[in-house]
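Trainee: I'd like to go over a predicted model; first the sequence, then the structure.
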Amino acid sequence: SGVSNSGVSNSGVSNSGVSNRRDTSTGESDAGSGGERETRDSTEPAEEEPKFGTLESLEQLAFSENPTLRELQARVNAAHGQWIQVGLRPNPVVSISAQEMGNDGRSGQFGAFFSQQHVTANKLGLNREAAGWNLQRAKHELAAQQLRVATDVRSGFYLLLVSQERVRVASELSEIARQAVEKATELVKIQEPQTVLTQAEIEAELAAVMVQNARAQSDAQWRSLAAVVGQPDLPQQHVTGDLSSDTPELVWVEVLDRIRLESPEIASAAARIEELRWRLRRASVEATPNVTMQAGVYYDDASSDPFASFQLSLPLPIHNRNQGGIAQARANVNAATSAAKRVELRLQDQLADMFQQYEKARQQASRYETTILSKAKRNLDLNRASYESGQTSYLAVLTAQRSYTQAQLARLNALERLGTAAVQIDGLLLSGNL
């Protein structure tokens, strides 16, 4: 398609985070802000506006400016903070106690004690395991969003290329139609019927409408692309790229296997299952009581004697053994398992439609480029030659011209569908980042 890369790593999107290994780092970049800006002398010429006419430049802009990526990175940081918090031990408690103050004119009993709750049954470790998989799931969601951004930029870029080509083709055809009107005007004065001029004028009007529509579509496509990259006010620029049907032939089984192995959506669903399995283990030990120990040192003013105390307490799991929490956690695991299967089936269903569009568009675009366009052009040339030799009327030339116009536009439509499908498949069917 001209804008599809072999994988998404070339645009800065890596699928290495799609594995099911749990990673508890946030994945933030340590890159700085780029240093201080130097003060510009007033006599220096102003810098030119940055050019974003290539796919690479627009991808870089999107990855630095698209707000959804910062949002998902913030969620990764939040999940990392949760992972830290849920594994921390309870803080100790230090208290001061005074009793029987003023009894018999004495100060009573006063002292200080220290208490600490000890979490049993490795509950904190289980919390960390569950939170670690939640962190991994957040990273998969970030990777999925990076793919969505990359796919939307590539798709929008290709559609803009097609729109620009449509404007060019429509403008050329409009000029040909204008010249045909001038030619028909001369012919009507000599020998041709008025219908020749009328037909030429109709073709010219249709061509003018085609130019207006093509320009409006190109403008709209640029505005959409500017929104995707996170710069809605980005000045419109001409983009450069390759429009060709010469794309690598995709094989259904290979594409499906790649999606199953590399899709961050599937990896996120798998991480969710692991998270809920660890939450089930955590719920199973919830009834194991935590132990609270308290020790203190006191002084009795009445007897002038110091004394110490020690207290050990724990709840007895007689009525509440977290039966409902365990049942809920087990049901959540079953639901997540079914949801993961649903994600895989949904992706296969989407791929079936997209792969069909890819195959049909590839065949059509190839046929137009190799056969139909050349024949339509030859038919137009032959009709022009026949007209010049007096063997046919000018209406036949206009008809051949219309066929050539329709063939060119049909080729662009096929290339548009082909490019969209190829980019979607290459992006693991992830799109719609906003």
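Mentor: Sure, I can see it.

Trainee: right, and the helix or strand after the helix or strand where residue 283 lies?
Mentor: Using DSSP states H and E, residue 283 sits within helix 264-284. Counting by DSSP H and E, the next helix or strand C-terminal to helix 264-284 is strand 291-300.

Trainee: roughly how far out does that following strand sit from the chain middle?
Mentor: Relative to the centre of its chain, strand 291-300 is centred 58 Å away, using Cα atoms, centre = their mean, to the nearest Å.

Trainee: Please enumerate residues in contact with the helix holding residue 283?
Mentor: For helix 264-284, contacts defined as Cβ atoms under 8 Å, 6 or more residues apart in numbering pick out 15, 17-20, 22, 123, 126-127, 129-130, 133-134, 136-137, 140-141, 143-144, 147, 259-260, 322, 325-326, 328-330, 332-333, 336-337, 339-340, 343-344, 347, 428, 430. Every residue, glycine included, has its C-beta placed from N, CA and C.

Trainee: Out of those, which end up buried?
Mentor: By neighbour count, with 16 or more other Cβ atoms under 10 Å, the contacts of helix 264-284 hold 15, 17-18, 22, 123, 126-127, 129-130, 133-134, 136-137, 140-141, 143-144, 147, 259, 322, 325-326, 329-330, 332-333, 336-337, 340, 343-344, 347, 428, 430 as buried.

Trainee: what helices or strands is the helix ranked longest in the chain leaning on?
Mentor: With secondary structure taken from DSSP state H, the chain has its longest helix at helix 123-190. Packing partners of helix 123-190 (3 or more Cβ pairs under 8 Å, 6 or more residues apart in numbering; DSSP states H and E): helix 55-65, helix 67-86, helix 194-228, helix 264-284, helix 394-426.

Trainee: let's go with 10 Å and repeat that
Mentor: helix 55-65, helix 67-86, helix 194-228, helix 264-284, helix 373-388, helix 394-426 (3 or more Cβ pairs under 10 Å, 6 or more residues apart in numbering; DSSP states H and E).

Trainee: So for residue 176, which of those sits nearest?
Mentor: helix 394-426 (6.7 Å; Cβ to Cβ).

Trainee: buried residues in the closest one?
Mentor: 394-405, 407-426.

Trainee: again with stretch 162-173
Mentor: 162-167, 169-170, 173.

Trainee: Ok, stretch 261-270 next?
Mentor: Applying 16+ other Cβ under 10 Å to stretch 261-270 flags 262-270 as buried.

Trainee: So what touches stretch 292-301?
Mentor: Here stretch 292-301 makes contact (Cβ atoms under 10 Å, 6 or more residues apart in numbering) with 90, 92-101, 103-118, 305-315.

Trainee: Phi, psi for the closest residue to residue 90 other than its chain neighbours please.
Mentor: Closest residue to residue 90 apart from its sequence neighbours, by Cβ to Cβ, 6 or more residues apart in numbering: residue 117 at 4.6 Å. Torsion angles at residue 117 (phi, psi; degrees, to the nearest 10) stand at phi -90, psi 130.

Trainee: Compute the distance between residue 117 and residue 291, please.
Mentor: Distance of residue 117 to residue 291, given as Cβ to Cβ, to the nearest Å: 7 Å.

Trainee: And the two? Which one has more around it.
Mentor: A side-by-side neighbour count of residue 117 and residue 291, using other Cβ atoms under 10 Å, places residue 117 first with 17 against 14.

Trainee: any common contacting residues for residue 117 and residue 291?
Mentor: Common contacts of residue 117 and residue 291 (Cβ under 10 Å, 6+ apart): 313-314.

Trainee: where in this structure is pLDDT low?
Mentor: 1-50, 102, 104-105, 245 (pLDDT under 70).

Trainee: centroid residue for it?
Mentor: Centroid check for the chain by Cα atoms, centre = their mean gives residue 148 as the closest residue, at 1.9 Å.

Trainee: For that one, which non-adjacent residue is spatially closest?
Mentor: What sits nearest to residue 148 in space, not counting adjacent residues and going by Cβ to Cβ, 6+ apart, is residue 433, at 3.9 Å.

Trainee: burial measure for the one you found, as a count.
Mentor: 22.

Trainee: Would you check that it makes contact with residue 149?
Mentor: Yes. Under the criterion of Cβ atoms under 10 Å, residue 433 makes contact with residue 149 at 4.7 Å.

Trainee: Any chance you could list residues touching both of the two?
Mentor: With Cβ under 10 Å, 6+ apart as the test, residue 433 and residue 149 both reach 62, 66, 68-69, 72, 228, 230.

Trainee: How about residue 171: what's its closest non-neighbour residue?
Mentor: Nearest to residue 171 is residue 211, by Cβ to Cβ, 6+ apart, at 5.6 Å.

Trainee: For that neighbour, give me its contacts.
Mentor: By Cβ under 10 Å, 6+ apart, the contact list for residue 211 reads 166-175.

Trainee: which residues touch residue 366?
Mentor: With Cβ under 10 Å, 6+ apart, residue 366 has these contacts: 244-247, 411, 414, 418.

Trainee: between whatever helix or strand it lives in and helix 394-426, how big is the angle?
Mentor: With elements taken from DSSP H and E, the one containing residue 366 is helix 323-367. Here helix 323-367 points in a direction 150 degrees away from that of helix 394-426 (axes from the mean of the first three to the mean of the last three Cα atoms, to 10 degrees).

Trainee: picking that back up, the residue nearest to the centre of the chain reaches residue 63, doesn't it?
Mentor: No. Residue 148 is not in contact with residue 63 according to Cβ under 10 Å; the separation is 11.8 Å.
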